[in-house]
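Engineer: task: produce atomic coordinates for the following.
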Amino acid sequence: IKTDDTAGYSVLARKYRPQTFADLIGQDAMVQTLANAFETGRIAQAYMLTGVRGIGKTTTARLIARALNYRIEGQDDGGPTVDFSQPGIHCDQIMASRHVDVLEMDAASNTGIDDIREIIESVRYRPVSARYKVYIIDEVHMLSRQAFNGLLKTLEEPPDHVKFIFATTEIRKVPITVLSRCQRFDLRRVDADVLMEHFARIARSEGAKADDAALAEIARASEGSVRDGLSLLDQAIAYGSGKVTGEDVRKMLGMVDRTRIIDLFKLVMTGKAGPALIELKTQYEAGADPALVISDLASLVHWVTRLKLIKEASFDATMSQAEISRGTELAENLGMAVLSRAWQMLLKGIAEVNSAPDALAAADMILVRLAYAADLPTPEEIIKKLKDEGTGPKPGMPSQTPAATAPSPAADAPVNQTAPVRHETSKPAPDAGTVAVALQHQGPMESASSSGTSHELQSFRDVVDLAAEKRDIRLKSALERFVRLVKFAPGTIDIQLIEGAPADLANEL
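Structural biologist: Here you go, the predicted structure:
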């Protein structure tokens, strides 16, 4: 796939641009569809190519234009084909963007109706030498509304000798009336293992030595984009003077070895804030970007979560066996609630690091929050602890227990003894102010005094006064505003909660 190099050095992304459909990697479904369509004569009047940056949309558009006009000199016209085994008479000019019948337009700089009007006026003329007159419009989503409207009629019923090929990264910005008139191809991100093989082949062609770790880092950083990956490979070859290693790539990109990211994550998840800060400082001094470190931690949390749910589908060619083994260990030891909490904190942390005046300081504080949050029990652990201590509802217990059946220790039971509290919530009723909804809660009453002094509670007012004495203004206010007393007896308080009451009021009481 190497092109002629007659004008000195050319960057790898241009030097190794695909010249045939066989050189196009990762788009087998599209190539198969085009091959079958050309063979059966089912050729669309317009094609829409969409995908992320650097995936090969413009190159694919030129290949389709070449396929539509492919003809070998001295042979009968065999029609469009994707087989370029022999050079065609139009191939070189089309791939060099200088063929008179293949017109390319950048919609980012030609957005108006006047630019489209020129196309509309020229479609009536037949091609000069090729089979079809092909119009390639790149970044078509940048066209104005008037330009799209002016193109609709021609796009729906173009002359037989005219074909349109559109390319865009923002498919949702293209009007549906235009999309419905095109055959759409979504160019997918290239898998990491395919990219690694492609980069290794190009490195050998350039006489450079690239180890697997370096290729894995480049493939991971390119995020499925071939052009981005080739640009990074080009930079890495220059950085290492022809020798590309994983360590050099990480230094070049300000990245950290994933094993060290795992080390940092384990320190944080075990509550070791101090060692975690030291590790982050070490990575920072080695050239790591704090924002990338936090982003890598978030990616690690996502990967570990996937390991818990779909283990086999979470592996790819960029991961070493050590990473897989340590990631699996993390997935087995960390619960879903812990991972979800870490994910949310890291997402907020990424925004904080990017907006903070001191990125390292912001990253430090994020790690501190994560470390201290790691010691907090999960909701499941809290519920289990409450049940084990006998403070939660027992399995199989009836949902309602009459207050009269509750045991009463003595007529003057002190508050520091365990006593059940039953409450009901009220909601507006159509014919009355409130209507009681049965909602039982069993729990211990708070100890009346931390010093061991017992308070004799003879009425609900005594409870309110006790809250005031303890300076719990929030509880006192809630008892006065949201509680309706149903029954007060030694050892038992039966209350009705008015709508708007704090959800934890019964527990606080």
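
Engineer: please count neighbours and contacts with C-alpha atoms only from this point.
Structural biologist: Noted.

Engineer: for residue 283, see how far away residue 66 is.
Structural biologist: For residue 66, the distance to residue 283 equals 50 Å [C-alpha to C-alpha, to the nearest Å].

Engineer: kindly report the same for residue 220.
Structural biologist: 19 Å.

Engineer: repeat that for residue 93.
Structural biologist: Residue 93 is 51 Å from residue 283, by C-alpha to C-alpha.

Engineer: need the contact list for residue 338.
Structural biologist: 374, 378 (C-alpha atoms under 8 Å, 6 or more residues apart in numbering).

Engineer: for the one 5 residues further on, same thing?
Structural biologist: Under the criterion of C-alpha under 8 Å, 6+ apart, the contact partners of residue 343 comprise 298, 301, 302.

Engineer: re the thing from before, tell me which of residue 66 and residue 283 has more neighbours.
Structural biologist: residue 66 (29 against 21; other C-alpha atoms under 10 Å).

Engineer: what about that one, distance to residue 17?
Structural biologist: Taking C-alpha to C-alpha, one finds residue 66 at 15 Å from residue 17.

Engineer: in which helix or strand would I find residue 177?
Structural biologist: Assigned by DSSP states H and E, residue 177 falls within helix 176-179.

Engineer: show me what that helix is packed up against.
Structural biologist: Contacts defined by 3 or more C-alpha pairs under 8 Å, 6 or more residues apart in numbering; DSSP states H and E place helix 176-179 against helix 145-156.

Engineer: next helix or strand past the helix it packs on?
Structural biologist: strand 162-168.

Engineer: just the C-alphas of that next one, formatted as PDB.
Structural biologist: Provided in PDB are the C-alpha atoms of strand 162-168 (Å, rounded to 0.1, in the frame of the first residue of the first chain):
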ATOM      1  CA  VAL A 162     -23.900  11.400 -12.000                       C
ATOM      2  CA  LYS A 163     -23.100   9.900  -8.600                       C
ATOM      3  CA  PHE A 164     -22.700  11.600  -5.300                       C
ATOM      4  CA  ILE A 165     -20.500  10.500  -2.400                       C
ATOM      5  CA  PHE A 166     -20.900  12.300   1.000                       C
ATOM      6  CA  ALA A 167     -18.600  12.000   4.000                       C
ATOM      7  CA  THR A 168     -19.300  13.300   7.500                       C
END
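
Engineer: quick one: mean pLDDT over it.
Structural biologist: Across strand 162-168, pLDDT averages out at 94.

Engineer: which of the contacts of residue 343 count as buried?
Structural biologist: 298, 301 (16 or more other C-alpha atoms under 10 Å).

Engineer: can you redo the contacts of residue 343 as a markdown table with pLDDT, distance to residue 164 and secondary structure?
Structural biologist: Output for the contacts of residue 343, formatted as a markdown table (pLDDT from 0 to 100; distance: C-alpha to C-alpha, whole Å; DSSP: H, G, I helix; E, B strand; the rest coil):
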| residue | pLDDT | distance to residue 164 | secondary structure |
| --- | --- | --- | --- |
| 298 | 94 | 42 | helix |
| 301 | 94 | 45 | helix |
| 302 | 93 | 41 | helix |
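
Engineer: report the distance from stretch 143-155 to the chain centre.
Structural biologist: Taking C-alpha atoms, centre = their mean, to the nearest Å, the mean C-alpha location of stretch 143-155 is offset from the chain mean by 34 Å.

Engineer: what does that stretch contact?
Structural biologist: Under C-alpha under 8 Å, 6+ apart, the answer for stretch 143-155 is 45-46, 107-108, 110-117, 120, 164, 175, 177-178, 181.

Engineer: now swap in stretch 21-28 and tell me
Structural biologist: By C-alpha under 8 Å, 6+ apart, stretch 21-28 touches 1, 18, 31, 63, 82, 83, 187, 188, 189, 190, 191, 194.

Engineer: I'd assumed residue 69 was in contact with the fifth one.
Structural biologist: Just to be clear, that refers to residue 82. No: judged on C-alpha atoms under 8 Å, residue 82 makes no contact with residue 69 at a distance of 10.5 Å.

Engineer: give me the buried stretch members for the helix or strand containing residue 294, please.
Structural biologist: Counting by DSSP H and E, the element that carries residue 294 is helix 290-309. By neighbour count on 16+ other C-alpha under 10 Å, the buried set for helix 290-309 is 290-298, 300-301, 303-308.

Engineer: residue ranges for the strands of the chain, please.
Structural biologist: For the chain, the strands defined by DSSP state E occupy 46-50, 102-106, 133-138, 162-168, 183-186, 209-210, 243-244, 421-427, 435-437, 483-489, 492-497.

Engineer: mean pLDDT lowest where, among these?
Structural biologist: Minimum mean pLDDT among these: strand 435-437, a mean of 33.

Engineer: so where's the stretch 1-150 of the chain shaky on pLDDT?
Structural biologist: 1-7, 76 (pLDDT under 70).

Engineer: do a quick rundown of the helices in it.
Structural biologist: Under the criterion DSSP state H, counting those that start in this stretch, helices of the stretch 1-150 of the chain are mapped to 12-15, 28-40, 57-68, 91-95, 113-122, 145-156.

Engineer: hey, which of those is tucked in deepest?
Structural biologist: helix 57-68 (a mean of 24; mean count of other C-alpha atoms under 10 Å).

Engineer: can you tell me how far residue 176 is from residue 49?
Structural biologist: 15 Å.

Engineer: who has more neighbours out of the two?
Structural biologist: Legend: neighbour count by other C-alpha under 10 Å for residue 176 and residue 49, higher for residue 49 (24 against 11).

Engineer: now residue 210, nearest residue through space, not along the chain?
Structural biologist: Excluding the flanking residues, the one nearest residue 210 by C-alpha to C-alpha, 6 or more residues apart in numbering is residue 244, at 4.5 Å.

Engineer: surely the one you found meets residue 211?
Structural biologist: Yes: here residue 244 lies in contact with residue 211, judged by C-alpha under 8 Å, at a distance of 6.5 Å.

Engineer: wait, what's in contact with residue 275?
Structural biologist: Contacts of residue 275 (C-alpha under 8 Å, 6+ apart): residue 267.

Engineer: sorry, back to before: report the buried members of the contacts of stretch 21-28.
Structural biologist: Buried subset of those (neighbour count, 16+ other C-alpha under 10 Å): 18, 31, 63, 82, 187, 188, 189, 190, 191.

Engineer: closest to residue 226 among those residues?
Structural biologist: residue 190 (7.3 Å; C-alpha to C-alpha).

Engineer: from residue 55, how far off is the nearest residue to that closest one once chain neighbours are set aside?
Structural biologist: Leaving aside its sequence neighbours, residue 190 sits nearest to residue 224 (C-alpha to C-alpha, 6+ apart; 4.6 Å). Between residue 224 and residue 55 the computed distance is 8 Å (C-alpha to C-alpha).

Engineer: quick check: neighbours shared by the two?
Structural biologist: Common neighbours of residue 224 and residue 55 (C-alpha under 8 Å, 6+ apart) are 189, 190.

Engineer: residues contacting the residue nearest to residue 190?
Structural biologist: With C-alpha under 8 Å, 6+ apart, residue 224 has these contacts: 55, 189, 190, 191, 192, 195.

Engineer: kindly report the same for residue 378.
Structural biologist: Contacts of residue 378 (C-alpha under 8 Å, 6+ apart): 337, 338.

Engineer: any chance of JSON lines for the strands of the chain, columns distance to residue 231?
Structural biologist: As requested, these are exported to JSON lines (distance: least, C-alpha to C-alpha, whole Å):
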{"stretch": "strand 46-50", "distance to residue 231": "21"}
{"stretch": "strand 102-106", "distance to residue 231": "22"}
{"stretch": "strand 133-138", "distance to residue 231": "21"}
{"stretch": "strand 162-168", "distance to residue 231": "21"}
{"stretch": "strand 183-186", "distance to residue 231": "23"}
{"stretch": "strand 209-210", "distance to residue 231": "15"}
{"stretch": "strand 243-244", "distance to residue 231": "14"}
{"stretch": "strand 421-427", "distance to residue 231": "65"}
{"stretch": "strand 435-437", "distance to residue 231": "67"}
{"stretch": "strand 483-489", "distance to residue 231": "68"}
{"stretch": "strand 492-497", "distance to residue 231": "66"}
